[in-house]
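Novice: Build me a model from this:
(4 chains)
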Protein chains: 2
Amino acid sequence: MTGDGERKGRITLEDIARSTGFSRATVSRVLNDKKSVKPSTVKIVEQAIEQLSYRPNVSASALSGGRTMTVAVCLPETLRPYYSILLGGIENISSQKGYDIIFKTKNYPRAARELAESRRVDGMIIRNMKEDAEHAQLFRELVRCNIPFVLIGKPMQEYPSIHIDNVGGARKVAHHFAEHGYRRILCITGPNRHVDAIDRVYGFKMGLSERGIDPEGVTLAEGDYSKEQAFNLMKEHFPKPQFDAVFAANDNMALGVLLYLRRIGMRVPEDMGLAGFDDSFFSEYLFPPLTTVRQPMYEMGSIAMETVVSLMEGSTREKGIILPTQLVVRRSCGCPYTYNGVDDADEGEHRHFDLV
Amino acid sequence: MTGDGERKGRITLEDIARSTGFSRATVSRVLNDKKSVKPSTVKIVEQAIEQLSYRPNVSASALSGGRTMTVAVCLPETLRPYYSILLGGIENISSQKGYDIIFKTKNYPRAARELAESRRVDGMIIRNMKEDAEHAQLFRELVRCNIPFVLIGKPMQEYPSIHIDNVGGARKVAHHFAEHGYRRILCITGPNRHVDAIDRVYGFKMGLSERGIDPEGVTLAEGDYSKEQAFNLMKEHFPKPQFDAVFAANDNMALGVLLYLRRIGMRVPEDMGLAGFDDSFFSEYLFPPLTTVRQPMYEMGSIAMETVVSLMEGSTREKGIILPTQLVVRRSCGCPYTYNGVDDADEGEHRHFDLV
DNA sequence: CTGAAAGCGCTTACAG
DNA sequence: CTGAAAGCGCTTACAG
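Specialist: As a prediction, the model looks like this:
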């Protein structure tokens, strides 16, 4: 409108400088480092910025040595619904801190390396489920590019990572089982190599011990986290289950067990208690609703983001944050008195509507 | 390593130019517009790029008039699990086309405007559920900034948008009801102002008409898409349901109905047929699994991305794409012969495992 | 088909 | 506390 310097109608730092009479350097300083600018100047410049509704060009500041103000979030390609919770936590913090997030799933180890190499992001959050060569290479590349990152999932000594307290979660299930008098227990574990799986068994046994139950009395069976496998495991090895209760190392497998029990006419929890792990999206909708252990996905996201931010801002890296898990008691085990569905008494309390 | 021009160890266009003997301009051309470069030159330059594993600095090219190669994806703050499916579709295409995606939910109308004004993205995909002033302002701003965008959800005449065939989906439900002999039907609609809700009722009646059933015989009740409301609606207005079947305008409400029916001891589908709409994440896990209409979320994502890409590349805008919906028949209505759970015959077919 | 040069909008030592 | 100047790594008319 002024007829000068307004190419494309976009307002630049230059415009602010001209309109206030200060130099570009000074304007830039109030944008990034108010400390070294006279307060009155700050005020004047900020007013102009407000007035002209100026917005810095991120590409320009990134190019001239500033930050891109964006962090990459890398998730496995199998998009699980609970990732949307995780994303929620991440984005909540990132928006507070003024960062944008770039989202990657497709072949992310490679995509992430490209992001690093083309200087697209200042930091990264990576959900690493398995540790393979590609990941290792990515991590090395990130270090080389000097891009801070935090891992969510499989904890790794060498890098900052956040994971959940598998041991504690399984321990709580054990305590719960003990309190409800379950003694003959089948435990369907995850793959024997998975850290998570190992920790869950470990915690479960520890919990039983603590309640005076001999953990060696527990029957163990190795699953692969799928409901199909759990179903078949039951069918082939325990066609006539001689247990009071089953603890499955994830909800998927608990579902497989539930299907099998229903198939052979055993009722849950009347004939057999059942608990899972994860509080998967479907668990509260099962019939009966599944007792399980909830991972704090939202919080994980928040903390992951907070951690990268502080790393990007130069903090010395804090490694190995462990988040607590929460036992969610539903009808499949230990919550026998709750009416399955909706009760008049529940009117004000919508939580109970979730129990189908 | 070469000791020169390798500040920070980062390889630049300059390096490629020097190593090949061509100018920066030429190298840039093979990056963006091979057409105007001699084939043999292209080959030489590309080899050098490969050799030095050069990756262009996106900020630099964005700044100098190129594209940012990123598009923003704006979703409502209520992160629903099926958004991860949508994101999957979006990201699949974006990775193919070489675009990055920036993800926004927190207060996205404002965040999106900022992205536009700071030239962070070349295009945008917006899941607009309601049409309010803030959205209108955003759309105007995007037009002003010359940033192409496509809407997912509420269709709008003025802008390119993608939505699903609500009419067709509800029509299929009606046909299904008709085929299974349901005649006395309760239809719980969505809010009377929602386009989606209106279309679903419209399609449902149309479908009945087509099968010779008088649509005026249908009992209508206005819901608000929540299961609580649907439950209460049943309790207050239809304590002793005199229907053969209920069609709820979304799965949430179908769930509310299911809860109520279970409460009063009516079995689904034996005593009452039930169908919903959306194929929500929990629907296949209900007891019984819910017959419903699936929206092609993954495909929506893909098509949305393809559309922005073509818009960004200068295509004339194609507006109003409508995607077909699919009837998913499960036990709650019209699938009476399927064993509820797992059957020996199903072993090879894991799909059936989903029926809980 | 190719190169020299200007410029994109910012940041950051270096002086003062 | 502030400014002049160089530079970030690319693209794009303009010439040839």
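Novice: List the buried residues for stretch A:71-79?
Specialist: Neighbour-count burial for stretch A:71-79, counted by 16 or more other C-beta atoms under 10 Å in any protein chain shown, picks out A:71-75, A:79. For every residue, glycine as well, the C-beta is placed using N, CA and C.
Novice: Format those as CSV; extra columns: secondary structure, pLDDT and distance to chain B.
Specialist: Listed next are the buried residues of stretch A:71-79 as CSV, based on DSSP: H, G, I helix; E, B strand; the rest coil; pLDDT from 0 to 100; distance: C-beta to the nearest C-beta, whole Å:
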residue, secondary structure, pLDDT, distance to chain B
A:71, strand, 96, 11
A:72, strand, 96, 9
A:73, strand, 96, 8
A:74, strand, 94, 11
A:75, coil, 91, 9
A:79, coil, 66, 4
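Novice: low-scoring stretches of the stretch 251-356 of chain A, by residue?
Specialist: Applying pLDDT under 70 to the stretch 251-356 of chain A flags the ranges A:317-318, A:335-356.
Novice: What ranges in the stretch 51-200 of chain A fall below the confidence cut-off?
Specialist: Checking the stretch 51-200 of chain A against pLDDT under 70 turns up A:66, A:79-81, A:131.
Novice: So which residues of chain A form strands?
Specialist: A:70-74, A:100-104, A:123-128, A:149-153, A:161-164, A:185-189, A:219-222, A:245-248, A:273-275, A:292-294, A:321-323, A:326-328 (DSSP state E).
Novice: winner for burial among those strands?
Specialist: strand A:245-248 (a mean of 30; mean count of other C-beta atoms under 10 Å in any protein chain shown).
Novice: Relative to that strand, what are the paired strands and their orientations?
Specialist: Next to strand A:245-248 in the sheet, as set by DSSP bridges, lie strand A:185-189 (parallel), strand A:273-275 (parallel).
Novice: Spit out the contact partners of residue A:272.
Specialist: Residues in contact with residue A:272 (C-beta atoms under 8 Å, 6 or more residues apart in numbering or on different chains) are A:241, A:243-246, A:261, A:266.
Novice: picking that back up, JSON lines for the strands of chain A, including distance to DNA strand C?
Specialist: Converted to JSON lines, these look like this (distance: least, C-beta to the nearest atom of the strand, whole Å):
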{"stretch": "strand A:70-74", "distance to DNA strand C": "14"}
{"stretch": "strand A:100-104", "distance to DNA strand C": "15"}
{"stretch": "strand A:123-128", "distance to DNA strand C": "16"}
{"stretch": "strand A:149-153", "distance to DNA strand C": "21"}
{"stretch": "strand A:161-164", "distance to DNA strand C": "29"}
{"stretch": "strand A:185-189", "distance to DNA strand C": "51"}
{"stretch": "strand A:219-222", "distance to DNA strand C": "54"}
{"stretch": "strand A:245-248", "distance to DNA strand C": "52"}
{"stretch": "strand A:273-275", "distance to DNA strand C": "53"}
{"stretch": "strand A:292-294", "distance to DNA strand C": "42"}
{"stretch": "strand A:321-323", "distance to DNA strand C": "29"}
{"stretch": "strand A:326-328", "distance to DNA strand C": "43"}
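Novice: how much space between the residue nearest to residue A:175 when sequence neighbours are not counted and residue A:236?
Specialist: The shortest distance from residue A:175 to any non-neighbouring residue, by C-beta to C-beta, 6 or more residues apart in numbering or on different chains, is to residue A:207 (5.1 Å). According to C-beta to C-beta, to the nearest Å, residue A:207 stands 28 Å off from residue A:236.
Novice: coming back round to it: with respect to residue B:172, which of the strands of chain A lies nearest?
Specialist: strand A:100-104 (33.7 Å; C-beta to C-beta).
Novice: just to revisit the earlier point, now the strands paired with strand A:245-248 in a markdown table, with distance to residue B:172?
Specialist: Conversion of the strands paired with strand A:245-248 to a markdown table gives the following (distance: least, C-beta to C-beta, whole Å):
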| stretch | distance to residue B:172 |
| --- | --- |
| strand A:185-189 | 40 |
| strand A:273-275 | 37 |
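Novice: Switch the ones you listed over to a markdown table; also include distance to DNA strand D.
Specialist: Shown next, in a markdown table, are the strands paired with strand A:245-248 (distance: least, C-beta to the nearest atom of the strand, whole Å):
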| stretch | distance to DNA strand D |
| --- | --- |
| strand A:185-189 | 50 |
| strand A:273-275 | 54 |
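Novice: Neighbours of the residue nearest to residue A:175, how many?
Specialist: A count of nearby residues for residue A:207, using other C-beta atoms under 10 Å in any protein chain shown, gives 24.
Novice: What's the separation between it and chain B?
Specialist: 28 Å (C-beta to the nearest C-beta, to the nearest Å).
Novice: wait, that residue sits on residue A:169?
Specialist: No - taking C-beta atoms under 8 Å as the definition, residue A:207 is not a contact partner of residue A:169, at 9.7 Å.
Novice: OK, contacts around the residue in the stretch 151-300 of chain A that DNA strand D sits nearest to?
Specialist: Minimum separation of the stretch 151-300 of chain A from DNA strand D (C-beta to the nearest atom of the strand) falls at residue A:159, amounting to 26.4 Å. By C-beta under 8 Å, 6+ apart, the contact list for residue A:159 reads A:139, A:149-151, A:319.
Novice: same thing with residue A:59?
Specialist: By C-beta under 8 Å, 6+ apart, the residues touching residue A:59 are B:58-60, B:62-63, B:68, B:119.
Novice: beta partners for the residue nearest to residue A:304 when sequence neighbours are not counted?
Specialist: Closest residue in space to residue A:304, ignoring its immediate chain neighbours: residue A:125 at 4.8 Å, by C-beta to C-beta, 6+ apart. Beta-bridge pairing of residue A:125 under DSSP bridges involves residue A:73, residue A:150.
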